[in-house]
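1. This is a predicted model, with the sequence first.
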Amino acid sequence: NPKILVLTPLLLKHKISKITKKTTKRNNVPFYWISSSNNQNIPKNHLDGIEWFKKKFQKLPPYIQFIDRDIEAGRGLLDKLYKKIDKQPNNVGYCYATFRFKGYINHEFPAIPFDINKLIRSNYISSNSLFRSSVIKNVGLVTDDKYMRLLDWAFLLKCFRHGYIGVSCPTVYFTAYSSKDDISAGDTNDYQLKYKRIFDDFIKPLFS
């Protein structure tokens, strides 16, 4: 009776790293783990994986954890996120950890308490978070390529508009190893273009 579906999106020919496999398995909460591979954007791969799972097993576990292929998970990442969110009211749609970029980008995003004003200014919450399956169903992932690079931020803002907030779990972390080819390392002009689209389509409606 697994509580979590772990879902890893992959580009074609990509594989889940050994360190991701090793560190993700160090949990006690029962979970399924699948990957979805295609050359489309990450949320579309997530949806393909979810639809495949539902066809095979009829229903989803109560939680979905998105995990990238090349992260190093802190010990008990799934256990601690699950324990934290499972005690929360239903309007708490997801639980997030501290995360660190190392490599081409070196930066840490502490798992501070949820703050919509901070989230409006910039995204400090990773998509490698534990979501209630019902939130994915009720809100719907953002998959439009026009927001590429900021799709996870758009989804979190959309969650808030639907009445869902997040809860932080500062006792656990993960590390993402970045290279200059990662989408997070794109140029400033591209970021500004995508930011304006996010502002117009997801931030402005919060105040209308």
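-> In hand now; what should we look at?
2. right, and residue 72 touches residue 23 too?
-> Yes. Between residue 72 and residue 23 there is a contact at 5.4 Å, judged by C-beta atoms under 8 Å. Quick note: C-beta positions are derived from backbone N, CA and C, even for glycine.
3. buried residues in stretch 53-63?
-> For stretch 53-63, burial by neighbour count (16 or more other C-beta atoms under 10 Å) applies to 53, 60, 61, 63.
4. pretty sure residue 36 is in a helix, no?
-> No. Counting by DSSP: H, G, I helix; E, B strand; the rest coil, residue 36 is not found in a helix; it is strand.
5. can you give me the strands in this structure?
-> Under the criterion DSSP state E, the chain contains strands at 4-10, 31-37, 63-66, 71-73, 92-103, 107-109, 130-132, 165-178.
6. gap between the second one and the chain center?
-> This points to strand 31-37. Relative to its chain's centre, strand 31-37 lies at 14 Å (C-alpha atoms, centre = their mean, to the nearest Å).
7. Which elements pack onto that strand?
-> Contact here means 3 or more C-beta pairs under 8 Å, 6 or more residues apart in numbering; DSSP states H and E; on that basis strand 31-37 packs against strand 4-10, helix 42-57.
8. Enumerate the positions of it that are buried.
-> By neighbour count on 16+ other C-beta under 10 Å, the buried set for strand 31-37 is 31, 32, 33, 35, 36, 37.
9. Can you pull out the low-pLDDT segments for this structure?
-> Residues of the chain that meet the criterion pLDDT under 70 lie in 179-186.
10. Quick test: name the residue nearest the centre of the chain.
-> residue 127 (1.8 Å; C-alpha atoms, centre = their mean).
11. and that one, what does it touch?
-> For residue 127, the contacting residues are 42, 66, 151, 152, 155, by C-beta atoms under 8 Å, 6 or more residues apart in numbering.
12. still on that earlier bit, so what sits against both of residue 72 and residue 23?
-> Shared contacts of residue 72 and residue 23, defined by C-beta under 8 Å, 6+ apart, are found at residue 174.
13. and residue 46, what is it in contact with?
-> For residue 46, the contacting residues are 7, 9, 36, 66, 141, by C-beta under 8 Å, 6+ apart.
14. Make a markdown table from these and add distance to residue 89 to it.
-> Output for these, formatted as a markdown table (distance: C-beta to C-beta, whole Å):
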| residue | distance to residue 89 |
| --- | --- |
| 7 | 25 |
| 9 | 29 |
| 36 | 31 |
| 66 | 22 |
| 141 | 23 |
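15. mind listing what the closest residue to residue 142 other than its chain neighbours touches?
-> Distances taken as C-beta to C-beta, 6 or more residues apart in numbering put residue 154 closest to residue 142, at 4.2 Å, once the chain neighbours are dropped. Taking C-beta under 8 Å, 6+ apart, we find residue 154 in contact with 142, 147, 198, 201, 202.
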